[in-house]
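# Here is a sequence with its predicted model. Questions after.
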Amino acid sequence: MEKQLTPIKSLNGSIKVPGDKSISHRAVMFGSIAEGTTTINGFLPGEDCLSTISCFKKLGVKIEQINEQVTVEGKGISGLQPSKEELYVGNSGTTIRLMLGILANTPFTTVLTGDDSIAKRPMNRVTQPLKEMGAIIDGKEEGNKVPLKITGGSTKGIDYHSKIASAQVKSAILLAGLQGEGITSVTEPAKSRDHSERMLEAFGCSVDQKGLTVSLNAGQELKGTHIEVPGDISSAAFFLVAGAIIPESTISLKKVGLNPTRTGILDVLENMGAKIQFENVNSESSEPYGDLVIQTSKLKGTIIKGDLIPRLIDEIPIIALAATQAEGKTIIQDAHELRVKETDRIKTVVDELSKMGANIEATDDGMIIHGKTSLKGAQVDSYGDHRIGMMLSIASCIAKGETKLMNPEAVAVSYPSFFDQLKSLANHN
Ligand SMILES: O=C(O)C1=C[C@@H](OP(=O)(O)O)[C@@H](O)[C@H](O)C1
Ligand SMILES: C=C(OP(=O)(O)O)C(=O)O
């Protein structure tokens, strides 16, 4: 598919961005291995989270999903049944990596696979520690690439020191450590998102957090509960940047998740000079949220590196666009992880924004952007990466002339209502 996009004069109004993707995945997963019923409100009906539902249904879990409402009838991890077919995770790294952690303790064999993008993404970051814990895993490149075949059993606790700050790695190991025997600890080099830790506690488990180490004891049972999913700050990010860079704009974003392990984008935008107001800050299901109001702002360049990176990893494509509209130089470093997302996001951001006239160069672990530049319409491609598709759509709003976006349908992975919400805020004349 392709989509013709035209410049927008201003963006004004209020929207409720869809539910948080990380929290929606976990609510379905934890509900599926819990005893009793879990109800979820605010679920993200994006393709990635629907893949998670489809995988657990194949493992025999009864799940009913109507738009943002989900009911999961959990029967405990021992209630999962072998799937007759392979589990297809689509485009979703979170689904495959966290499921591997869960399947490390099921006494049967499961085959997992995904789309062309998943086929390129490294899995040894989870399969290697899970093998050490006792799971039997085979796959391409010795268990680094799909399809992967996992036979679970009784795992043993591990004291794992991860080289990368990854919530997917941390969560997979903790989920494996919940069953079997012993204590499981994961230490990371910087703090990654802590939704699993918070939600495990909401499901009645005890999780210990000291500095960069998270530990839990095996033999804990999850109890079904109710989960309220706040809006996804990674989705809100597109409108935060759009509001800041499109003239005469004021956008109010309702009930956006404000977990401090996810709010790096707010710190960066404020640092760049963006005017953001916080309203109605509250908390539900152990996750803070609030309304955010963003106005057109004069931005300046900044440096983004170190411990900040895991707090905004998925927002870097849209931050790069903001940097093209900021006075001065923006440097993004320590972001090697971008190379192994849905696309190589250093390459796709630099290639596609360059086509639109940005002054942007790739480095090994990030990029350097010189602003402020006027962008021009061009033919650009999401390459099937939802975040690249949405970033380019926002870029088209400020570009001179028409932009043709190839593969726009990718946005449905995390934000099916993206184009409708953009339209609802847009003023073209
Ligand atoms: O745990 C999660 O829900 C996620 C963790 C991050 O990946 P890594 O764990 O690979 O950093 C992030 O990029 C992804 O979109 C969602
Ligand atoms: C990297 C992402 O997701 P995942 O790893 O779950 O595919 C993302 O949503 O930007």
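Sure thing, it's come through. Ligands and ions are numbered 1, 2, ... in the order given.
# is any part of stretch 136-148 close to ligand 2?
No - applying Cβ under 6 Å from any ligand atom, one finds stretch 136-148 separated from ligand 2 by no less than 12.7 Å. To be clear about C-beta, it is placed using only N, CA and C from the backbone, and glycine gets the same treatment.
# Just the endpoints, please. Distance across that stretch?
Taking Cα to Cα, to the nearest Å, stretch 136-148 runs 10 Å from one end to the other.
# same question, stretch 61-80
Taking Cα to Cα, stretch 61-80 runs 7 Å from one end to the other.
# start the count at 31, not 1, going forward
Sounds good: first residue 31 from here, last item stretch 91-110.
# Need the contact partners of that stretch.
48-49, 57-58, 61-75, 80, 83, 86-87, 89-90, 132, 135-136, 208-209, 251-252, 254, 259 (Cβ atoms under 8 Å, 6 or more residues apart in numbering).
# Give me the buried positions along it.
91, 93, 95, 100, 102-105, 107, 110 (16 or more other Cβ atoms under 10 Å).
# Give me the buried entries from the contacts of stretch 91-110.
Those of the contacts of stretch 91-110 that meet the buried threshold are 48-49, 57-58, 61-65, 68-70, 72-75, 80, 83, 86-87, 89, 132, 135-136, 208-209, 252, 254, 259, by 16+ other Cβ under 10 Å.
# What about these, which are in helices?
Per DSSP state H, helices hold the following members of the buried ones among the contacts of stretch 91-110: 57-58, 61-63, 80, 83, 86-87, 132.
# Can you give me the pLDDT of the closest residue to ligand 2 within the stretch 281-430 of the chain?
Going by Cβ to the nearest ligand atom, ligand 2 is nearest to residue 344 of the stretch 281-430 of the chain, at 3.9 Å. With respect to pLDDT, residue 344 has a value of 99.
# Pull the most distant pair out of the ones in helices among the buried ones among the contacts of stretch 91-110.
63 and 80 (18.7 Å; Cβ to Cβ).
# how about residue 355, phi and psi?
Main-chain dihedrals, residue 355, degrees, to the nearest 10: phi -100, psi 10.
# for the record, mean pLDDT for stretch 225-240?
Averaging pLDDT along stretch 225-240 yields 98.
# Can you point out the buried residues in that stretch?
Neighbour count says stretch 225-240 has 225-230, 232-233, 235, 237 buried, by 16+ other Cβ under 10 Å.
# Need the residues that contact that stretch.
50, 52-53, 56-57, 60, 64, 128, 197, 200-201, 204-205, 208, 224, 244-247, 250-255, 257, 289, 291, 315-317.
# first to last residue in that stretch, what's the distance?
Stretch 225-240 stretches 16 Å from its first residue to its last (Cα to Cα).
# and it, anywhere near ligand 2?
No - contact of stretch 225-240 with ligand 2 (Cβ under 6 Å from any ligand atom) is absent, the minimum separation being 12.3 Å.
# Show me how far that stretch is from its chain's centre.
How far stretch 225-240 lies from its chain's middle: 19 Å, per Cα atoms, centre = their mean, to the nearest Å.
# same question, stretch 440-455
16 Å.
# Same check on stretch 275-283?
Centre-to-centre, stretch 275-283 and its host chain are 24 Å apart (Cα atoms, centre = their mean).
# Then stretch 205-221?
Distance, stretch centre to chain centre, for stretch 205-221: 21 Å (Cα atoms, centre = their mean).
# ditto for stretch 263-274
Mean C-alpha position of stretch 263-274 versus that of the full chain (Cα atoms, centre = their mean) differs by 14 Å.
# Over to stretch 236-247?
22 Å.
# Same check on stretch 62-81?
Mean C-alpha position of stretch 62-81 versus that of the full chain (Cα atoms, centre = their mean) differs by 15 Å.
# average pLDDT across that stretch?
On average, stretch 62-81 scores 98.
# what does stretch 425-443 give?
On average, stretch 425-443 scores 98.
# That one: which residues count as buried?
Within stretch 425-443, the residues scored as buried using 16+ other Cβ under 10 Å are 425-429, 433, 435-443.
# How about the residues of the stretch 31-180 of the chain by ligand 2?
51, 78, 122-124.
# Out of those, list just those in helices.
Among these, DSSP H puts 51, 78, 123-124 in helices.
# of all those, which comes closest to residue 410?
Ranked by distance to residue 410 (Cβ to Cβ), these are led by residue 78 at 22.6 Å.
# Run through the residues that contact the closest one.
Residues near residue 78 by Cβ under 8 Å, 6+ apart: 51, 55, 120-122, 124-125, 443-444.
# could you redo the last one with a cut-off of 10 Å?
Applying Cβ atoms under 10 Å, 6 or more residues apart in numbering to residue 78 gives the contacts 51-52, 54-55, 119-125, 372, 416, 442-444.
# Then residue 193?
Residues counted as contacts of residue 193 (Cβ under 10 Å, 6+ apart) are 155, 199, 218-219.
# before we move on, back to that, right, and the pair among the residues of the stretch 31-180 of the chain next to ligand 2 with maximum separation?
Top of the distance list for those (Cβ to Cβ): 51 and 123, 10.9 Å.
# which one of these two has more residues nearby?
residue 51 (24 against 21; other Cβ atoms under 10 Å).
# and the residue of the chain found nearest ligand 2, what is it in contact with?
Nearest residue of the chain to ligand 2, counting by Cβ to the nearest ligand atom: residue 123, 2.7 Å away. With contact set as Cβ under 10 Å, 6+ apart, residue 123 has these partners: 78, 144, 147-148, 151-153, 156, 196, 198, 370-372.
# I'd guessed residue 347 sits against residue 418; true?
Yes - counting by Cβ atoms under 10 Å, residue 347 does reach residue 418; the two are 5.8 Å apart.
# Could you tell me which residues touch both of the two?
Common contact partners of residue 347 and residue 418 (Cβ under 10 Å, 6+ apart): 371, 373, 375, 378-379, 382-383.
# Assign a three-state SS to the residue lying closest to residue 425 once chain neighbours are set aside, would you?
Among residues not flanking residue 425 along the chain, residue 351 sits closest, at 5.3 Å (Cβ to Cβ, 6 or more residues apart in numbering). The three-state assignment at residue 351 reads helix, by DSSP: H, G, I helix; E, B strand; the rest coil.
# State the distance from residue 351 to residue 50.
The spacing between residue 351 and residue 50, counted by Cβ to Cβ, to the nearest Å, is 22 Å.
# Got the domain ranges for this structure?
What the record gives for the chain is the domain set 32-49+260-457, 51-244, from automatic domain parsing.
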